[in-house]
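> Have a look; sequence and predicted model below, questions after that.
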Amino acid sequence: MKGCVAQCKRFWLSVTETAIDRHVRALRRHPSVVFAQQRRMGAEYPYPVLTPSAGAGMVERLTLEFLCRDVRLLHAHFATDAIFYSPAADAADVPMLVSCHGHDVYRFPRAFGGLGRWLLRRLFSKAAMVIAVSNHMRSQIITLGCPPEKVRTVRVGLDVAGRPFQPPTPSPRRIRIACVAGLRPKKGIPYLVEAFAKVLAVRSDAELVIVGDGPMRPEIERCIERSQLWGKVVLTGALRHDEVVKVLESAHIYVQPSVTASDGDREGIPATLMEAMARGLPVVATRHSGIPEIVEDGVSGILVEERDPSALAQALLLLMERPGSWEALAQAGRAYIEREHDLAKQTAAVEDLYDELLTVHDSAVVIPIGQIRPDEASRPAA
């Protein structure tokens, strides 16, 4: 099939968006060209990344690029970015697939005094199809006004075969709990710090490693200071992926304390939670957004309610006191990730959607203007 797919995102990519990079690298049937305003991460990508200059006339420049490169489908990553690229897709007459990830459908609807919700409804009316990363998100997208038949759930893909399954071995000296999260409200880190203080009152051999950075770092540092946890809690800041892997390999338990933020922001599917499960870590997480779709309480992990430090502490202590349960939880978690989040399977599902949209678009009957007789062009509709 001739032509290519335009992978569109204004900033390509932040350190928390590696799932998008994995998706583009894993495509097999559809060559892609990335269109972005700016490259980030300093990475060398095995696919073209074009950065047409912004400003006046950008829609026209993008449209010309789409036509010159024979772009036949636009895949926009994040609904907020799709709004930006939608005019060029219209002008070039190419169908647009929109992948939603989290804040674009949970926080953005409240933006600009509610104008965000109107912008999303307008976008969904134009989009050929919309991808949600969880069933919870699919319901949210439909609530925002997208026709249900347009919304498909496609899970985030992970190269499971490349993640060795290594359940932790209990240590007689310490139990290390790990959390990888941007320090933003929806990550729930203050609740984790409070819960860990309760854990430490019972188990002095516990330590907590928090990987990530963000605007809440000063507040979290104050929480650690108030509870006199320095020396038992480590804030590493943002780390490269290979450094994150080392943290996970040295951990015994992974915790994901996500919450719904005051502005409505929520998780899609936390990527590092999937990574931890694939590698064999027992997990504790909150009943938040799509998390219960990947963590089955008591089977592949332990779930607690949001914003409940006492419940979070009890769950962590339960795992610490029962290391014999780690293997079974790890096996169930790995099996789920292999079944539902395998990168090759999920990428193939996306490429099947590409095929579906291209078939529908190519089969549309188009009558060249030169073949329409003047009397037909001016005749009123019946």
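That came in fine, so what should we check first? Numbers count the residues shown, from 1 in each chain.
> and stretch 68-85, which residues are buried?
71-85 (16 or more other C-beta atoms under 10 Å). All C-beta spots, glycine's among them, are computed from the backbone N, C-alpha and C.
> Mind picking the two most distant members of those residues?
Spanning the widest gap among the buried residues of stretch 68-85 are R72 and T80, at 23.7 Å by C-beta to C-beta.
> How many residues are close by G113?
7 (other C-beta atoms under 10 Å).
> so how far is V105 from the residue nearest to P148 when sequence neighbours are not counted?
In space, not counting the residues next to it along the chain, P148 is nearest to I142; the distance is 5.2 Å by C-beta to C-beta, 6 or more residues apart in numbering. Note on I142: its distance to V105, by C-beta to C-beta, to the nearest Å, is 10 Å.
> again, but for E338
Taking C-beta to C-beta, one finds E338 at 28 Å from V105.
> The two: which has the busier surroundings?
Taking other C-beta under 10 Å, E338 and V105 do not tie; V105 has more neighbours (29 against 17).
> Can you tell me the element that one falls in?
V105 is part of helix 103-106 when elements are defined by DSSP states H and E.
> after that helix comes which helix or strand?
Taking DSSP H and E, what comes next after helix 103-106 is helix 115-126.
> Let me know the average pLDDT across that following helix.
If you average the pLDDT over helix 115-126, you get 98.
> any residues touching that helix, and which ones?
Here helix 115-126 makes contact (C-beta atoms under 8 Å, 6 or more residues apart in numbering) with 79, 82-83, 86, 89-90, 96, 98, 105, 108-110, 130, 141, 144-147, 150.
> Just the buried subset of the residues you listed, please.
Buried, going by 16+ other C-beta under 10 Å: 79, 82-83, 86, 89, 96, 98, 105, 108-109, 130, 141, 144, 146, 150, out of the contacts of helix 115-126.
> and the two most separated of these?
Across the buried ones among the contacts of helix 115-126 (C-beta to C-beta), the longest gap, 21.8 Å, separates A89 and P109.
> tell me the mean pLDDT over the longest helix along the chain?
Scanning the chain for the helix with the most residues, using DSSP state H, yields helix 343-363. Over the span of helix 343-363, the pLDDT mean works out to 96.
> Tell me which other helices or strands that helix touches.
helix 18-26, strand 71-77, strand 96-99, strand 129-132 (3 or more C-beta pairs under 8 Å, 6 or more residues apart in numbering; DSSP states H and E).
> Buried residues, that helix. List them.
L343, Q346, T347, A348, V350, E351, L353, Y354, L357, L358.
> Helix 18-26 and that one, what's the angle between them?
70 degrees (axes from the mean of the first three to the mean of the last three C-alpha atoms, to 10 degrees).
> could I have the helix or strand hosting the residue nearest to P148 exported to CSV, CA atoms only?
Using DSSP H and E, I142 maps to helix 135-143. Extracted in CSV, the C-alpha atoms of helix 135-143 (Å, rounded to 0.1, in the frame of the first residue of the first chain):
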residue,chain,number,x,y,z
ASN,A,135,-12.1,1.0,29.1
HIS,A,136,-12.3,3.6,31.8
MET,A,137,-10.9,6.2,29.4
ARG,A,138,-13.2,4.9,26.6
SER,A,139,-16.2,5.7,28.9
GLN,A,140,-14.8,9.2,29.6
ILE,A,141,-14.4,9.9,25.9
ILE,A,142,-18.0,8.9,25.1
THR,A,143,-19.2,11.1,28.0
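> quick one: strands adjacent to the next helix or strand after it?
Per DSSP H and E, the first helix or strand lying C-terminal to helix 135-143 is strand 151-153. Partners of strand 151-153 in the sheet, by DSSP bridges, are strand 129-132 (parallel).
> Residues contacting the partner strand, please?
In contact with strand 129-132 (C-beta under 8 Å, 6+ apart) are residues 79, 95, 97-100, 124, 138, 140-141, 146, 150-154, 350, 353, 356-357.
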